[in-house]
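In: kindly return the folded structure for what I paste below:
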Amino acid sequence: MPSPLYTRSFLLLCLSHALFAGSFNMMIPELPAYLSSLGGAEHKGLIIALFTITAGVSRPFSGKLADTVGRMPVMYIGTLACVICSLLYPQLAFVGGFLALRFFHGFSTGFKPTGTSAYVADIVPDGRRGEAMGTLGICLSLGASASPPLGSWLVKDFGINAMFYASAILAVMSMLILANLSETLREKQRFRWSLLKVGREDVFDPLSIPAAIVMICCYISYGVILTLVPDLSDQLGVENRGTFFTIFTLASVSTRFSAGKISDRLGRVPVLKASAWMIALAMLAFALADSKWMLYVASALFGLGNGVFSPAINAWTVDLGDPGRKGRALATMYISLEIAIGGGALLAGWFSGHISGVFYFAALSSILGWIYLMVRHKAG
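Out: I've put the predicted structure just below:
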């Protein structure tokens, strides 16, 4: 009899992940305007870039700790970072303080997703890994889609600090749910400071490099989106900046579950090829958007492509990596994710006066990911 997928532990982890995603995604649409109000409009590109730098730098540590100390401590560290930063944003309401917090806040996604993905890989059947990653992604997307409109509403009716405190509450709830889970790493080690010393072998899993390359090519688009779409929404007359995230995420949710199952049956590479083209088409739609309805269409296209891409790339990373070091393999993939998002955000910030050109570049990057998969798959 096959092992069940939807166990109590898996469902609790999904709920915790949804609340975690809601915590840090809630504020994203409002941060560009908030930074401008502090006098730092020229630093908009750093809102996402600083966050991703810390997340990327922390990945080797989170991957190593997940494989030695355990999955649970790594998830706690990431969620706690959300709580602390959300509570401090109102206290450090100046440009330097805000940017410092964005840098520290990156530890949240540097740790929590690594521990969560490794935990899922431990408890789900190998033959349903894509389905499991798709389901986990749906929960993350639901949290990410519901929270930005809520954050924008809180800012409009109660002020920016209300949004920051609501973000902290969601992160606390995520931590409380984690307290109901048991550790899955079989051979745990006690923490010692020497574990924070990482070598080259802890930074990259060579077996997972193909997944990392595809992630960079296709996810530059996400950094571009996070930086430019809030301002683009204002230009096109969208009243609630969180609307994009809702449309994007609902579209993403509609494909994640089926895409994960399809990747289990047909393979990861065919699914990733299709998603690369979908993301490229979405970027072209953003480049041509001249009305809020065009923006909505582009958002839906991007959500569909992202929903197909995410479960397949996560499952492919675990497939390629060393079975005994899942945390390191996933950390490698997440490092590439942060490089892509941070690079896309910086690019968008530097060339914010040429929005269409940035979107065209993101489309080209995704097509390059498709070309790499074509060449590698043919060679393999």
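In: what stretches of this protein score poorly on pLDDT?
Out: 1-3, 198-203, 241-242, 257, 327, 352, 377-380 (pLDDT under 70).
In: assign a three-state SS to the spatially closest residue to Asn25 that is not a sequence neighbour, would you?
Out: Leaving aside its chain neighbours, Asn25 sits nearest to Ala144 (4.2 Å; criterion: CB to CB, 6 or more residues apart in numbering). C-beta: built from backbone N, CA, C; applies to glycine. Under DSSP: H, G, I helix; E, B strand; the rest coil, Ala144 falls in the helix class.
In: tell me the contacts of Ala144?
Out: By CB atoms under 8 Å, 6 or more residues apart in numbering, Ala144 lies in contact with Ala21, Gly22, Asn25, Phe245, Thr249.
In: who wins on neighbours among these?
Out: In terms of neighbour count, Phe245 stands highest of the contacts of Ala144 at 30 neighbours, by other CB atoms under 10 Å.
In: element containing that one, please.
Out: In this assignment (DSSP states H and E), Phe245 forms part of helix 243-266.
In: how far off centre is that helix?
Out: With CA atoms, centre = their mean, to the nearest Å as the basis, helix 243-266 stands 14 Å off its chain's centre.
In: convert it to PDB, retaining C-alpha atoms only.
Out: C-alpha atoms of helix 243-266 as PDB (Å, rounded to 0.1, in the frame of the first residue of the first chain):
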ATOM      1  CA  THR A 243      -4.500  43.400  -6.900                       C
ATOM      2  CA  PHE A 244      -1.700  42.200  -9.100                       C
ATOM      3  CA  PHE A 245      -0.600  39.800  -6.400                       C
ATOM      4  CA  THR A 246      -4.100  38.400  -6.100                       C
ATOM      5  CA  ILE A 247      -4.600  37.800  -9.800                       C
ATOM      6  CA  PHE A 248      -1.000  36.400 -10.200                       C
ATOM      7  CA  THR A 249      -1.400  34.000  -7.200                       C
ATOM      8  CA  LEU A 250      -4.900  32.800  -8.100                       C
ATOM      9  CA  ALA A 251      -3.600  31.900 -11.600                       C
ATOM     10  CA  SER A 252      -0.600  30.300 -10.100                       C
ATOM     11  CA  VAL A 253      -2.700  28.200  -7.700                       C
ATOM     12  CA  SER A 254      -4.800  27.000 -10.600                       C
ATOM     13  CA  THR A 255      -1.800  25.200 -12.200                       C
ATOM     14  CA  ARG A 256       0.500  24.200  -9.400                       C
ATOM     15  CA  PHE A 257      -1.300  21.000  -8.300                       C
ATOM     16  CA  SER A 258      -1.800  19.600 -11.800                       C
ATOM     17  CA  ALA A 259       1.600  20.700 -13.000                       C
ATOM     18  CA  GLY A 260       3.300  18.900 -10.100                       C
ATOM     19  CA  LYS A 261       1.400  15.700 -10.900                       C
ATOM     20  CA  ILE A 262       2.200  16.000 -14.600                       C
ATOM     21  CA  SER A 263       5.900  16.400 -13.700                       C
ATOM     22  CA  ASP A 264       5.700  13.200 -11.700                       C
ATOM     23  CA  ARG A 265       4.300  11.400 -14.800                       C
ATOM     24  CA  LEU A 266       6.000  13.000 -17.800                       C
END
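In: oh, and call the first residue 292 from now on, that's how I've got it
Out: In the new count, where the first residue is 292, that last one comes out as helix 534-557.
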